[in-house]
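Q: After the sequence you'll find the predicted model.
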Amino acid sequence: MCEFIKDLFVSIVGAVVGIGGSFYIFYKTIQDNRKSDKKKEETQLKNRIRFLANLITEVIVQTDKQISLYEDQGKAIIDNPYKLHFPSILANNQMERLKDVDSQGIFEGYYFLFGQKEETLKDYNLLLNQIDFLDKRMRQLHEANEGNIKNLANDLEIMRIAVDDLYSRFHILLPLVGDVRYSQLMIKFNEYIGTGEVDVKSLQNDFMVPLFKEVRALSPSEGNEEAQAQLIILIRNVTSRIEHIKVNNENYAKSDPLIISDQLKECLEKLNEILEKINSKL
């Protein structure tokens, strides 16, 4: 009987130990799974922020390059505002990718890196604001450039028509200046007539403006007053359109390409500061 009780006790203890061991293994497995899931979640959150940091870096680098190219355009315009100047436009979709990033995921990543506090929320909102401002201003710059090119191309075409009109009626100058002077002026005029690109700056300063002054200073004989008046109008049609080209081109350069660096300086500095803060936590 004692032997039976002893065996029974041993069996019960073994069963209890077995159950306890099973519970321990089960508990340990749950704990390990939780740790593994938490590790995976932390890795995912960090990877989201790494992706964000990489995009911000690319956006800053490409923006700096694009600004420099626009500055070159602005300087070229100031040097010669009588012609079209096309800036090089970089092929870059990083800003679109940055704008399309999952904001909820980035928000969670921010809280993971910097803690759930008011300062973290402010930093996150600051990041969004700087990205929005940078995107909006660069879009405005691109649109201003495209608008200026379109307007100048239209003005150049109007100028060409005005030049052709003057050229086709240039013969009315003959009785006002005589054969020799007329031949000299026609030779000079022909230098600007052709299929190639016209040097508008030279056309304006070296030919049209001196011609206008010369014609206006003439003292025509009786009956030639109308010819003089017609020529003055025809010349003014050309010079006024060229001046329009010059002024509009300069206004564009001074209001966009030549000031964009100063306008975006603070924004880019803040993005760099944000980037350094993120990288210090990764």
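A: Sure thing, it's come through.
Q: so how far is residue 238 from residue 167?
A: Note on residue 167: its distance to residue 238, by CB to CB, to the nearest Å, is 10 Å. Any C-beta I mention is one placed from the backbone N, CA and C, and that applies to glycine too.
Q: right, I mislabeled it, should have said residue 126
A: 53 Å.
Q: How about residue 160: what's its closest non-neighbour residue?
A: residue 198 (7.7 Å; CB to CB, 6 or more residues apart in numbering).
Q: now swap in residue 149 and tell me
A: residue 84 (6.1 Å).
Q: Kindly report the same for residue 135.
A: residue 95 (5.5 Å).
Q: name the element the one you found belongs to?
A: helix 94-99 (DSSP states H and E).
Q: So which bits of the helix or strand that comes right after that helix are buried?
A: Heading C-terminal from helix 94-99, the first helix or strand you meet, by DSSP H and E, is helix 103-114. By neighbour count on 16 or more other CB atoms under 10 Å, the buried set for helix 103-114 is 105-110, 112-114.
Q: how about the residues you listed in a markdown table, adding distance to residue 48 and pLDDT?
A: Output for the buried residues of helix 103-114, formatted as a markdown table (distance: CB to CB, whole Å; pLDDT from 0 to 100):
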| residue | distance to residue 48 | pLDDT |
| --- | --- | --- |
| 105 | 5 | 84 |
| 106 | 6 | 87 |
| 107 | 10 | 88 |
| 108 | 8 | 89 |
| 109 | 4 | 88 |
| 110 | 9 | 89 |
| 112 | 9 | 89 |
| 113 | 10 | 89 |
| 114 | 14 | 91 |
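Q: Show me which of the residues you listed is closest to residue 281.
A: Taking CB to CB as the measure, residue 113 is the one of the buried residues of helix 103-114 closest to residue 281, at 4.4 Å.
Q: Ramachandran coordinates for residue 117?
A: phi -140, psi 170 (degrees, to the nearest 10).
Q: what do you get for residue 217?
A: On the backbone of residue 217 - angles per degrees, to the nearest 10 - the values are phi -80, psi -10.
Q: Identify the residues contacting it.
A: For residue 217, the contact set (CB atoms under 8 Å, 6 or more residues apart in numbering) is empty.
Q: can you check residue 270 too?
A: Residue 270 neighbours (CB under 8 Å, 6+ apart): 126, 130.
Q: Also residue 262?
A: No contacts exist for residue 262 under CB under 8 Å, 6+ apart.
Q: Next, give phi and psi for it.
A: Torsion angles, degrees, to the nearest 10, at residue 262: phi -70, psi -40.
Q: What separation is there between it and residue 199?
A: Residue 262 is 33 Å from residue 199, by CB to CB.
Q: again, but for residue 79
A: Applying CB to CB to residue 79 and residue 199 gives a distance of 14 Å.
Q: Look at these two and report which has more neighbours.
A: Per other CB atoms under 10 Å, whichever of residue 79 and residue 199 has more neighbours is residue 199, with 16 against 11.
Q: rewinding a little: looking at residue 167 and residue 238, which one has more neighbours?
A: Between residue 167 and residue 238, counting by other CB under 10 Å, residue 238 is the more crowded of the two (27 against 16).
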